[in-house]
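Enquirer: Dropping the sequence and predicted coords here.
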Amino acid sequence: MNKESRILIVGHDDIIDSSLFHYFKANDYKNVFSSARYPIDTTCQEEVNDFFEKQNPEYVFLASTRSGGIEANQKFGAEFIYHNLASQNNIIEASSLAKVKKLVFYGSSCVYPKVCPQPMKPEFILTGKMEETSEPYSIAKAAGIRMCQAYKRQYGLNAIVIIPATVYGPQSDTDIERAHVLGALINKFHCAVEEKVDEVVVWGTGKPRREFIYADDLVRASLFLMESYVGEEVVNVGTGSDISINELATKIAKICGFTGDIMFDETKPDGTMQKLLDNSRLKDLRFDFEVGLEEGLEKTYNWFKAIRRS
């Protein structure tokens, strides 16, 4: 892949596709198309095929076309499963027919069983019941993983599957209802400081543990794997360390300057208690991360403040 390559990024203007798009533009890649910025309905096979015929993409990055945290999954489960299934089916089929040079599919850690040995290894996928709160989305992502593997075997599609830890950074969704926990917490604590509120309520017990990856590191890992990995086996992309929601909330509160009380609403669901990815395959390929959680949170909050002022 070079700066003249024809690159398609499929997503819904979330952090993965936005971060990829900004990276390519900042580094003077000439032919970058994003489904979030291009008039294409990815749920329509005819439109997708027409796009591939006209634009002839060589490299495809296929992220989620609908996603969110626990609350969003509860409210928009039908939208999440339909849009992701339809879009990934159409993009993978069109990529195969067009004989693209390579496709990267982004899975999700929610495809692992709710009760799963830690850290989670790719061979554990679909070996147990998924977390109920995100099941529609999880089923769609699991289907995408298996579809890439099946197309690789039957049609020779050069597809690889990445499962990232929870991605955060500039371009994060911070909508309190739809966002994943980190983005929602930044918004909550920032607003509490602005409005001089002395208490912030966080869903669940605060005990679940989550692993986070800074967006720039995921972009680097994606490009690294696009260039160097051709295997059928899933590659987990995570830092190898996690943090409880309680600890995360405390860190974000401090960064935002919030000094009030943090209350946990235990009537709300926790989701899976721990999701730590086994990153041994990525380590074996000698990839290293650059941005730690503390630095990443600072950068993300500085970005959030800047867009709030603009």
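Expert: Ah, there it is. Residues are numbered from 1 along each chain as shown.
Enquirer: all strands for the stretch 1-150 of the chain, in order.
Expert: 6-10, 31-34, 59-62, 102-106 (DSSP state E, counting those that start in this stretch).
Enquirer: just the stretch 201-310 of the chain next, same as before
Expert: With DSSP E, counting those that start in this stretch as the criterion, the stretch 201-310 of the chain has strands spanning 209-210, 212-214, 235-237, 243-244, 261-265, 274-275.
Enquirer: correct me, but Glu227 touches Met1?
Expert: Yes. Applying Cβ atoms under 8 Å as the test, Glu227 and Met1 come out as touching, 6.7 Å apart. No exception for glycine: its C-beta is placed from N, CA and C like everyone else's.
Enquirer: More neighbours: the two, which one.
Expert: Met1 (15 against 9; other Cβ atoms under 10 Å).
Enquirer: Can I get the strands of the stretch 201-310 of the chain in JSON lines including distance to Glu46, mean neighbour count and mean pLDDT?
Expert: Shown next, in JSON lines, are those (distance: least, Cβ to Cβ, whole Å; neighbours: other Cβ atoms under 10 Å; pLDDT from 0 to 100):
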{"stretch": "strand 209-210", "distance to Glu46": "39", "mean neighbour count": "19", "mean pLDDT": "96"}
{"stretch": "strand 212-214", "distance to Glu46": "36", "mean neighbour count": "23", "mean pLDDT": "97"}
{"stretch": "strand 235-237", "distance to Glu46": "33", "mean neighbour count": "25", "mean pLDDT": "98"}
{"stretch": "strand 243-244", "distance to Glu46": "45", "mean neighbour count": "16", "mean pLDDT": "98"}
{"stretch": "strand 261-265", "distance to Glu46": "46", "mean neighbour count": "14", "mean pLDDT": "98"}
{"stretch": "strand 274-275", "distance to Glu46": "37", "mean neighbour count": "20", "mean pLDDT": "95"}
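Enquirer: Tell me which of these lies nearest to Arg146.
Expert: strand 235-237 (15.5 Å; Cβ to Cβ).
Enquirer: Each with direction, which strands does that closest one pair with?
Expert: Pairing partners of strand 235-237, with direction, according to DSSP bridges: strand 159-164 (parallel).
Enquirer: by how many degrees do the partner strand and strand 102-106 diverge?
Expert: With axes from the mean of the first three to the mean of the last three Cα atoms, to 10 degrees as the basis, strand 159-164 and strand 102-106 are set at 30 degrees to each other.
Enquirer: gap between Val48 and Tyr38?
Expert: When distance is defined by Cβ to Cβ, to the nearest Å, Val48 is 11 Å away from Tyr38.
Enquirer: So the two - more neighbours on which side?
Expert: Val48 (24 against 14).
Enquirer: contacting residues around Gln74?
Expert: Thr133 (Cβ atoms under 8 Å, 6 or more residues apart in numbering).
Enquirer: mind running it again at 10 Å?
Expert: Applying Cβ atoms under 10 Å, 6 or more residues apart in numbering to Gln74 gives the contacts 68, 132-134, 136, 269.
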